[in-house]
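> make a model of this:
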Amino acid sequence: MYRYSQIMIAIHWLTAVLVVVAWFTAVGGRHARTDPSYVHFTVGLAVLLLVIPRLLARWLGAAPQIEDPQKQWLDLAARAGHTLLYVLLIALPLSGWYAASRLGVPVSFLGIGLPSLTESVQGAPGEIADLHETGGTLILWLVGLHALIALWHQFILKDRTLERMNPMAPPDLTQDRR
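Numbers count the residues shown, from 1 in each chain. Sure, this is the predicted structure:
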């Protein structure tokens, strides 16, 4: 198998779009308490829900194998980068939910009210909220780096990496790619 399944490709690109939308709809500081972005909450929780089938598929071996093994350090860097992305895809929605709870802002997903994760406070929401904000910027940088590396693979190494996640590529890419 050379390509990801159509469903995994759809989840990948939907997650990417939602991460960018979450970043653009973020509201920080005192505005988060007085004028919270419910779009940001919904999009963030959607990212959390989408990461579950992604991780299950990876653990079940649904990720296609790379045809030409990379140098060991490149493979290690790729695994570390993907691991960090997955950690952030889980930690950011949870830390955002926690921060909203600290602010006393009700969190809902598609109209369904979710329980508060902690007691609300009158002052600043704390370090978790600060980490959430920093993590939001970090994931955007990582997504950009991820895209640049994919382009490097496609156009410099010419290993057709982008075809693995291209929803428009022909479905049968199992033949030799050299």
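
> can you map out the strands along this structure?
For the chain, applying DSSP state E gives strands covering 107-109, 112-114.

> looking at those strands, which is nearest to residue 128?
strand 107-109 (14.1 Å; Cβ to Cβ). For the C-beta atoms, the positions are set from N, CA and C on the backbone; glycine is no exception.

> what lines up beside that closest one in the sheet?
Sheet pairing for strand 107-109, assigned by DSSP bridges, gives strand 112-114 (antiparallel).

> how far off centre is the strand it pairs with?
Put simply, strand 112-114 sits 22 Å off its chain's centre (Cα atoms, centre = their mean, to the nearest Å).

> swap in stretch 139-154?
13 Å.

> helix or strand with the lowest mean pLDDT in the chain?
Within the chain, no helix or strand scores below helix 31-34, which has a mean of 72 by mean pLDDT, DSSP states H and E.

> dump it to CSV, keeping only the CA atoms.
Coordinates of each C-alpha in helix 31-34 appear next as CSV, following Å, rounded to 0.1, in the frame of the first residue of the first chain:
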residue,chain,number,x,y,z
HIS,A,31,-11.7,38.9,26.0
ALA,A,32,-11.7,35.1,26.4
ARG,A,33,-13.9,35.6,29.5
THR,A,34,-16.1,38.4,28.3
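
> show me what counts as buried in it.
Across helix 31-34, burial judged by 16 or more other Cβ atoms under 10 Å covers 32, 33.

> cool, thanks, signing off.
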